[in-house]
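Student: this is a predicted model, with the sequence first.
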Amino acid sequence: MIPRIVVAGTHSGCGKTSIAGGIMAALTARGLRVQPFKVGPDFIDPSHHTAICGRRSRNLDAYMMGEDGVRATFAGASEGADIAVIEGVMGMYDGLDGSDTGSTAHIARILDAPVMLVCDVKGMSRSTHALVSGFSRFDPHIRFAGAICNRVGSPRHRAMIEEGQSLPFLGWVPVTVEGTVPSRHLGLRMAHETGAVAHFGRLVEEHCDLDAILAASRDVAPFRAPAAVPLRHTTPAVRLGIAYDEAFCFYYQDNFDRLRRAGAELCFFSPLSDRLPDVDGVYLGGGYPELHAAALSTAPCRSDLKRAVDGGLPVYAECGGLAYLTAGISTGEGDYPMVGCLPARTVMQHRFAALGYVDAVCTGGTSLMPQGMHLRGHEFHYSRCECDPEARFALRLSRGTGIGGGKDGLYAGNVLAGYTHAYFTDTQARSFVAAISTASRA
């Protein structure tokens, strides 16, 4: 049995990230091994979960992973944990295109997990009951554990809400600005940029019924998951460099696991401070290269990577990694030269250029992905990629924006880069590793 609880919200901005992080921190402080999860494709909230719990947070996304994929990731990551805490996304019932698909409620049903609803009660008293009652009864297949009232103004405010209470309220968190995690253009700041998370645990311990939350998490049926894919125990086929630092930090942990299973030894390095390591290929994830454009433009890794690409090194890149591989990044502070191995430039904008899920198929032309391969992922970026006339694209999108015109996956030589943050299947990981292995022997 895996004790588990879903922390849902009435809407985005109600405080579920703070409350979920607080529950994780309070349980960890009690000595429990807490496995964190995040519903949806977000990269930022999991960084906070990981920092709090000391265990890698995983995404649970029914659109990208499928229901069996959600079950498999949940079961595998929860091994050895005392409890799983799952932070929801947006409002509890908000899914793809106004549907239920991928919603917090959808994940709760897949995992047969009880739900605790976070309500921002500022400006409300008795109306809180109508809100909680509506959420708890909307889907009869959801097991409702209770609610936590956030931003309670005073003891009198709490007393007014408690009057006529009929459903369980497991917490009364007061209005506070201490410990608030600041935001920027792609969401909250990453965990390494703020120490606010410790405050959330103290708030939950003091103002929530942690014992009742634990009891709700344990009132679950045994969890049945699909058979796990065994890890390979052979010598790795390739050394794969993973760019990982303040500029490149958006990755799905499942992708790393699948690459290892496919035979890749992962070699993490920082394009900001390291030379390019001796590797057979490179994976450049998303992140914030625009915030570090000046440093990236002068770091030795930029010229190292250009020489290696000219020599045939395979490189796969996503979003921020795409920007790094273009000729340069234009920000509000200036123009900065980048690696320059793709026929394009990157221009930052003041509002987002694309946000949402991506569904794509490879149309060929690149050695890193076979023609006809289907992939799903997510995009969220504030930049546009201005491509030269000779630019070639390997991905045709049936959903999403990509680089533009229904296309993504700009390629040149052994380089493939796009705005899509792909959630790898085992087949995609094996194909990627096989392509790198072939290139390394050429």
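Tutor: Looks like it arrived, so ask away.

Student: isn't Lys306 right next to Gly340, touching?
Tutor: Yes: Lys306 is in contact with Gly340 according to CB atoms under 8 Å; the separation is 6.2 Å. Where you see a C-beta, it was placed from the backbone N, CA and C, and this is true even at glycine.

Student: would you list every one of the helices in the stretch 251-400 of the chain?
Tutor: Secondary structure of the stretch 251-400 of the chain (DSSP state H, counting those that start in this stretch): helices at 253-261, 293-298, 300-310, 320-325.

Student: please identify the most buried of those helices.
Tutor: Mean neighbour count (mean count of other CB atoms under 10 Å) peaks for helix 320-325 among the helices of the stretch 251-400 of the chain, with a mean of 29.

Student: give the other helices and strands that that helix contacts.
Tutor: When contacts are defined as 3 or more CB pairs under 8 Å, 6 or more residues apart in numbering; DSSP states H and E, helix 320-325 sits against strand 248-250, strand 281-284, strand 286-287, strand 315-318, strand 383-387, strand 415-418.

Student: quick one, phi/psi of the closest residue to Val34 other than its chain neighbours?
Tutor: In space, and not counting its chain neighbours, Val34 is closest to Cys53: 4.5 Å by CB to CB, 6 or more residues apart in numbering. Main-chain torsions, Cys53, degrees, to the nearest 10: phi -90, psi -20.

Student: what does Phe74 give?
Tutor: Dihedral angles (degrees, to the nearest 10) for Phe74: phi -60, psi -50.

Student: that one against Pro36, yeah?
Tutor: No: counting by CB under 8 Å, Phe74 does not reach Pro36; the two are 11.4 Å apart.

Student: neighbouring contacts of stretch 295-313?
Tutor: With contacts defined as CB atoms under 8 Å, 6 or more residues apart in numbering, stretch 295-313 is touched by 247, 269-276, 279-282, 289, 315, 324, 328, 336-341, 413-415, 439, 442.

Student: hang on, the earlier thing: can you redo the helices and strands packed on helix 320-325 as a markdown table with mean pLDDT and mean neighbour count?
Tutor: Listed next are the helices and strands packed on helix 320-325 as a markdown table, based on pLDDT from 0 to 100; neighbours: other CB atoms under 10 Å:
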| stretch | mean pLDDT | mean neighbour count |
| --- | --- | --- |
| strand 248-250 | 97 | 24 |
| strand 281-284 | 98 | 26 |
| strand 286-287 | 96 | 26 |
| strand 315-318 | 98 | 26 |
| strand 383-387 | 97 | 20 |
| strand 415-418 | 98 | 28 |
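
Student: right, and those - which one's nearest Arg126?
Tutor: Each of the helices and strands packed on helix 320-325 was scored for nearness to Arg126 using CB to CB, and the closest is strand 248-250 (42.7 Å).

Student: the closest one - contacts with which helices or strands?
Tutor: strand 286-287, helix 320-325.

Student: output these in CSV; the columns should cover distance to Phe424.
Tutor: Listed next are these as CSV, based on distance: least, CB to CB, whole Å:
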stretch, distance to Phe424
strand 286-287, 14
helix 320-325, 15
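
Student: where does the prediction get shaky in the chain?
Tutor: 177-198, 227-235 (pLDDT under 70).

Student: want to throw the helices of the stretch 251-400 of the chain into JSON lines with distance to Gly365?
Tutor: Rendered in JSON lines, the data for the helices of the stretch 251-400 of the chain read as follows (distance: least, CB to CB, whole Å):
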{"stretch": "helix 253-261", "distance to Gly365": "23"}
{"stretch": "helix 293-298", "distance to Gly365": "28"}
{"stretch": "helix 300-310", "distance to Gly365": "17"}
{"stretch": "helix 320-325", "distance to Gly365": "16"}
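
Student: quick one on the thing from earlier: tell me the buried residues within the contacts of stretch 295-313.
Tutor: Buried by 16 or more other CB atoms under 10 Å: 247, 269, 271-272, 274, 276, 279-282, 289, 315, 324, 328, 336, 338-341, 413-415, 439, out of the contacts of stretch 295-313.

Student: tell me the contacts of Gly340?
Tutor: Lys306, Leu325, Thr326, Ala327, Gly328.

Student: run the last query once more with 6 Å
Tutor: Residues near Gly340 by CB atoms under 6 Å, 6 or more residues apart in numbering: Ala327.

Student: and what of Ala412?
Tutor: Counting by CB under 6 Å, 6+ apart, Ala412 has contacts Leu342.

Student: cool, Cys149 as well?
Tutor: Counted by CB under 6 Å, 6+ apart, Cys149 has contacts Cys119, Val121, Trp172.

Student: then Glu379?
Tutor: Glu379 neighbours (CB under 6 Å, 6+ apart): Ala354, Val358, Gly400, Tyr419, Thr420.

Student: please name the bridge partners of it.
Tutor: Gly356 (DSSP bridges).

Student: and it, how close does it get to Glu206?
Tutor: 40 Å (CB to CB, to the nearest Å).

Student: what about Arg224, neighbour count?
Tutor: By other CB atoms under 10 Å, 8 other residues sit near Arg224.
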